[in-house]
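In: 3D model of this:
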Amino acid sequence: MSQVTVLILARNEAHNIEDCIKSVAFADQVIVIDDFSDDNTVQLATDLGAIVIQHAMNGDWGQQQTFAVQQAQTPWILFLDADERISPELAQEIRATIQKPANTAYWIQRHNRFKYNQATHGTLRPDYVCRLLPTENTRVEGFVHPAIIHPYHDAKLCAPMYHYTYDNWEQYYRKFNQYTTLAAEKYQQSGKPVRFFQDIILRPIWAFIKVYFFNKGFLDGKLGWIFAINHYFYTMTKYVKLYYLQKNNGKL
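Out: As a prediction, the model looks like this:
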């Protein structure tokens, strides 16, 4: 009986999709939900045996992932981003886990990697993400940082997965702009208020302090400083965008 389907959301991921799919060779099925890529993502994924379904994301990660869940026909699903890789140790652990009853949602420790540089603290410190869980009664909500909604109790797997965050600084800053815009729009839609002094002046300062000192970004040297400063500007930028969205709508 088939046990696990890997679900991958993709758009123009030709540089990532092969290594991603190869890292889950243990899976019974791989489904790629493609947001109408205009590179050869679809061909590469198909050549590796993945099922590719084209479906517009329209900026809503939650609905895209929920759509992906609805395509799976196995007891278990494993969410994976195109820039993530399952380690051999984790693959073995997953193979053993999916032999158990499908009544637990498993969190996996993700180790972040920035190409050509090493940073393991601050904004790139390891984090846990909910990725392996039963298909039934699972859905995802949220635009920018979606939340997986399920009725199961949580547990953690031991082995890590790897997240290759950015290939270069151009890609980093493109995502910086994209995600701050999406965050501001999400806040606007939810009616979140914005206060200039608290959110645009004080909040970014705290964001820097948190990642550079409390999350030990300083241990990553020059790169740790760069990421902490960028986190300051990321926080400020999303609230500046929200501030002017509300100002343009006559709410300020």
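
In: how close does H121 sit to V52?
Out: For H121, the distance to V52 equals 37 Å [CB to CB, to the nearest Å]. Heads up, the C-betas are built off the backbone N, CA and C, glycines and all.

In: in stretch 50-59, what counts as buried?
Out: By neighbour count on 16 or more other CB atoms under 10 Å, the buried set for stretch 50-59 is 50, 52, 57.

In: which secondary structure elements does the helix or strand that the second one is a member of contact?
Out: If I follow you right, that is V52. Element membership for V52, per DSSP states H and E: strand 51-54. Counting contacts by 3 or more CB pairs under 8 Å, 6 or more residues apart in numbering; DSSP states H and E, strand 51-54 packs against strand 29-34, helix 41-47.

In: in the stretch 151-252 of the chain, where is pLDDT below threshold?
Out: Along the stretch 151-252 of the chain, the model assigns pLDDT under 70 to residues 252.

In: what ranges do the helices span in it?
Out: Assigned by DSSP state H, counting those that start in this stretch, the helices in the stretch 151-252 of the chain fall at 169-190, 203-209, 221-248.

In: reformat those helices as a markdown table; add mean neighbour count and distance to A91.
Out: Below are these laid out as a markdown table (neighbours: other CB atoms under 10 Å; distance: least, CB to CB, whole Å):
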| stretch | mean neighbour count | distance to A91 |
| --- | --- | --- |
| helix 169-190 | 15 | 27 |
| helix 203-209 | 16 | 35 |
| helix 221-248 | 18 | 29 |
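
In: to R125, which of those lies closest?
Out: Closest to R125 of those, according to CB to CB: helix 221-248, at 10.2 Å.

In: quick one, domains of the protein?
Out: Domain assignment for the chain by automatic domain parsing gives 4-166, 169-248.

In: picking up where we left off before, just name the most buried of the helices and strands packed on strand 51-54.
Out: Sort these by mean neighbour count, taking mean count of other CB atoms under 10 Å, and strand 29-34 sits at the top with a mean of 22.

In: now do that one: distance to the chain's middle.
Out: 16 Å (CA atoms, centre = their mean, to the nearest Å).

In: likewise for stretch 208-217?
Out: 21 Å.

In: surely N168 is in contact with K115?
Out: Yes: under the criterion of CB atoms under 8 Å, N168 makes contact with K115 at 7.1 Å.

In: contacts only, for L157.
Out: Applying CB atoms under 8 Å, 6 or more residues apart in numbering, we find L157 in contact with 90, 93-94, 97, 106-109, 132.

In: ok, of those residues, which come out buried?
Out: The buried subset of the contacts of L157 (16+ other CB under 10 Å) comprises 90, 93-94, 97, 106-108, 132.

In: with respect to T66, which of those is nearest?
Out: L132 (16.9 Å).

In: pLDDT value on the closest one, please?
Out: In this model, L132 is scored at 98, pLDDT.

In: hey, C-alpha coordinates of the helix or strand where it lies in CSV?
Out: Using DSSP H and E, L132 sits within strand 127-134. The C-alpha trace of strand 127-134 is given here as CSV (Å, rounded to 0.1, in the frame of the first residue of the first chain):
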residue,chain,number,x,y,z
ASP,A,127,14.0,26.0,13.2
TYR,A,128,11.3,23.4,13.4
VAL,A,129,8.6,23.2,10.8
CYS,A,130,5.5,20.9,10.6
ARG,A,131,6.0,18.8,7.5
LEU,A,132,5.0,15.1,7.9
LEU,A,133,1.4,14.5,8.9
PRO,A,134,-1.7,12.6,8.0
